[in-house]
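# Okay, predicted coordinates and the sequence, questions at the end:
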Amino acid sequence: GDSVTQMEGPVTLSEEAFLTINCTYTATGYPSLFWYVQYPGEGLQLLLKATKADDKGSNKGFEATYRKETTSFHLEKGSVQVSDSAVYFCALSDRNQNFNKFYFGSGTKLNVKP
Amino acid sequence: EAQVTQNPRYLITVTGKKLTVTCSQNMNHEYMSWYRQDPGLGLRQIYYSMNVEVTDKGDVPEGYKVSRKEKRNFPLILESPSPNQTSLYFCASSPLGGDADTQYFGPGTRLTVL
């Protein structure tokens, strides 16, 4: 079945450091791919998404490119801030295939130190 | 304000005592879903609904029931809760057309079953 694997955390960085969180997926069709962010005590919020191969999603300085050949959707940011500290989830949906299910990775906690 | 609300936010109960967690959205979304979040496992989909009176199982439906009698509400029912259902639960909704795939999450319900 479909699944998402992302790097384990926590990831601890200093402010202004470069961030990469790896995400790979397994899917039978052509899924949409997402990054969601969860701040302490809150629900998840969509950070960015990509719906087809080679699409790049971007938002708030974060970006990720849908790589079909490597089945990856790695999250990057050039210069992190303390306010970026949160848990990040990679996810996919197979709604393109009309199965209407969503699959999430295990989450990666990011700690950014001043 | 567009939002997904859940009640209660926190619940401590005992094994076998039936409970219902309510979920309501005010965005006229067709699609609604329930997830549980457990450490190291990320979010796993319990049930989802494509529209009124249409529900289907996610990856972990055992021990749960849902109903969709109105478009805005999607309650999660635990008929006989067990300690392994202690978890953080999230409800989410999304439209079917247009911005489909972008889910809007509620604030979460932390359930403890003793």
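The structure has been received and is ready for your questions.
# And for B:Glu79, nearest residue in space, chain neighbours not counted?
For B:Glu79, the nearest residue in space outside its immediate sequence neighbours is B:Lys18; the separation is 5.5 Å by C-beta to C-beta, 6 or more residues apart in numbering or on different chains. Bear in mind the C-beta positions are built from the backbone N, C-alpha and C, glycine included.
# burial count for that neighbour?
Applying the criterion other C-beta atoms under 10 Å in any protein chain shown, we find 10 residues in the vicinity of B:Lys18.
# Was I right to think it contacts B:Ile77?
Yes: at 7.4 Å, B:Lys18 counts as touching B:Ile77 under the criterion of C-beta atoms under 8 Å.
# Remind me what the lengthiest strand in chain B packs against, helices and strands.
Longest strand of chain B, by residue count under DSSP state E: strand B:42-51. Applying 3 or more C-beta pairs under 8 Å, 6 or more residues apart in numbering or on different chains; DSSP states H and E, one finds that strand B:42-51 contacts strand A:86-93, strand A:102-104, strand B:31-38, strand B:54-57, strand B:65-66.
# average pLDDT for that strand?
Taken as a whole, strand B:42-51 carries a mean pLDDT of 93.
# Ok, stretch B:15-25 next?
For stretch B:15-25, the mean per-residue pLDDT is 97.
# Over to stretch A:66-79?
With pLDDT averaged residue by residue, stretch A:66-79 scores 96.
# Residue 68 - how many residues pack around it?
Let's take chain A. By other C-beta under 10 Å, 12 other residues sit near A:Lys68.
# Not quite, go with chain B.
Applying other C-beta under 10 Å, we find 20 residues neighbouring B:Arg68.
# contacting residues for it?
B:Met32, B:Ser49, B:Asn51, B:Val52, B:Glu53, B:Val54, B:Thr55, B:Phe74 (C-beta atoms under 8 Å, 6 or more residues apart in numbering or on different chains).
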